[in-house]
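> Generate a structure from the sequence data that follows.
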Amino acid sequence: MKTYKKKFPAQPFFSPLKKKSEIGTIYLQSTRNNTILTLVDHQGNGKGWASSGSIGFQHSRKSTTYAAQAAAENIAKQAIKLGIDTVNIIMKGLGYGKQSSVRALYKSGLKVIYLVEKTPIPYNGCRPPKKRRK
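The predicted structure is shown next:
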């Protein structure tokens, strides 16, 4: 009796050079003292973060526009290393570093699909304290 080898269908060849582009989200929280950027994939899992303080800026230098720009460049490098080349940016806060970090993300080579501003605005606010007695 002869035994025949089973022929398997040819496997499709995937080139390692062509990476599948992924979409991520960058949450940008800009306060008066610091700028924090968080990289999240499309499922909501955190992939990386950077802040002005984690880069090495201390005290009042954390709140500068240059520190926010450096943090944005750092998170862009992390995103490109992970294969994320397209991002959505969600901004929150009233700090100085918001605009400069968005510019740095544009210049870093990431494709930005949309920008969302989610800074909370009080409608009527809290009840003011009672008047001071004389």
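
> contacts and neighbour counts: CA atoms only from here.
Fine.

> what residues are up against residue 52?
34-36, 62-63, 67-68, 70-71 (C-alpha atoms under 8 Å, 6 or more residues apart in numbering).

> how about 6 Å then?
Counting by C-alpha atoms under 6 Å, 6 or more residues apart in numbering, residue 52 touches 35, 62, 67-68, 71.

> from the residues you listed, which ones fall inside strands?
Among the contacts of residue 52, the ones falling in strands (DSSP state E) are residue 35.

> now, the most widely separated pair of the contacts of residue 52?
62 and 71 (10.0 Å; C-alpha to C-alpha).

> pLDDT at residue 134, what is it?
With respect to pLDDT, residue 134 scores 81.

> next one: residue 47
Residue 47 is given a pLDDT of 96.

> Sticking with it, tell me its helix or strand.
strand 46-51 (DSSP states H and E).

> still on that earlier bit, quick one, which of residue 62 and residue 71 is more surrounded?
Higher neighbour count among residue 62 and residue 71: residue 71, with 26 against 22, using other C-alpha atoms under 10 Å.
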